[in-house]
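[1] below is the structure, and that's it, no one-letter string:
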């Protein structure tokens with residue numbers, strides 16, 4: 001199973017998985033990188049999978065502060081649900097330069 005995903009009975013979920021780190025210089029680049037990762041893993045959006053929901057999580061870091069995790073839930077063409085957790089801490093809220 002790829003990093004960021006854990007197989008369940010009727011879905012693939014990220015509940016116990018280490019988030020997939022996305023490094024980018026801005027939010028625009030980061031979001032594009034997330035979509036490239038999803039399409040590389042699951043196929044074309046709108047044909048092979050469909051977005052269901054997206055949630056921002058802010059878990060506490062051991063050294064203080066908070067991380068930023070983007071959790072994206074999708075429905076695959078066969079009806080299975082998948083959730084992927086991305087670590088977006090390095091670029092969350094950064095504007096393009």
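    Nice, I can see it. Since this is a predicted model, take the numbers as computed values, not measurements.
[2] contacts, neighbours, all on C-alpha from now
    OK.
[3] where are the low-confidence patches of this protein?
    Low-confidence segments of the chain (pLDDT under 70): 1-17, 96-97.
[4] what is the neighbour count of the nearest residue to residue 73 once chain neighbours are set aside?
    Leaving aside its chain neighbours, residue 73 sits nearest to residue 83 (4.2 Å; criterion: CA to CA, 6 or more residues apart in numbering). Residues contacting residue 83 under the criterion other CA atoms under 10 Å number 22.
[5] what about residue 83, which helix or strand?
    Assigning secondary structure by DSSP states H and E places residue 83 in strand 81-87.
[6] what of residue 29?
    helix 27-42.
[7] if we can go back for a sec, pairing partners for the strand holding residue 83, with directions?
    strand 11-13 (parallel), strand 20-21 (parallel), strand 69-76 (antiparallel) (DSSP bridges).
[8] what's the angle from it to helix 27-42?
    140 degrees (axes from the mean of the first three to the mean of the last three CA atoms, to 10 degrees).
[9] report the buried residues of the helix holding residue 29.
    27, 29-31, 34, 38, 42 (16 or more other CA atoms under 10 Å).
[10] just give me how far the strand holding residue 83 sits from the chain centre.
    Mean-position distance between strand 81-87 and its chain equals 4 Å (CA atoms, centre = their mean, to the nearest Å).
[11] next: stretch 57-73.
    Distance, stretch centre to chain centre, for stretch 57-73: 12 Å (CA atoms, centre = their mean).
[12] repeat that for stretch 85-97.
    12 Å.
[13] what's it in contact with?
    By CA atoms under 8 Å, 6 or more residues apart in numbering, the residues outside stretch 85-97 that reach it are 4-5, 14, 17-28, 30, 34, 67-72.
[14] just to revisit the earlier point, residues touching the helix holding residue 29, excluding its own?
    For helix 27-42, using CA under 8 Å, 6+ apart, the contacting residues are 22-24, 45, 48-49, 76, 86, 88, 91-96.
[15] stretch 46-63 now?
    In contact with stretch 46-63 (CA under 8 Å, 6+ apart) are residues 42-43, 45, 66-77.
[16] just the buried ones from these?
    42, 45, 67-76.
[17] okay, buried residues for the helix or strand hosting residue 50 please.
    Using DSSP H and E, residue 50 maps to strand 49-57. For strand 49-57, burial by neighbour count (16+ other CA under 10 Å) applies to 49-50.
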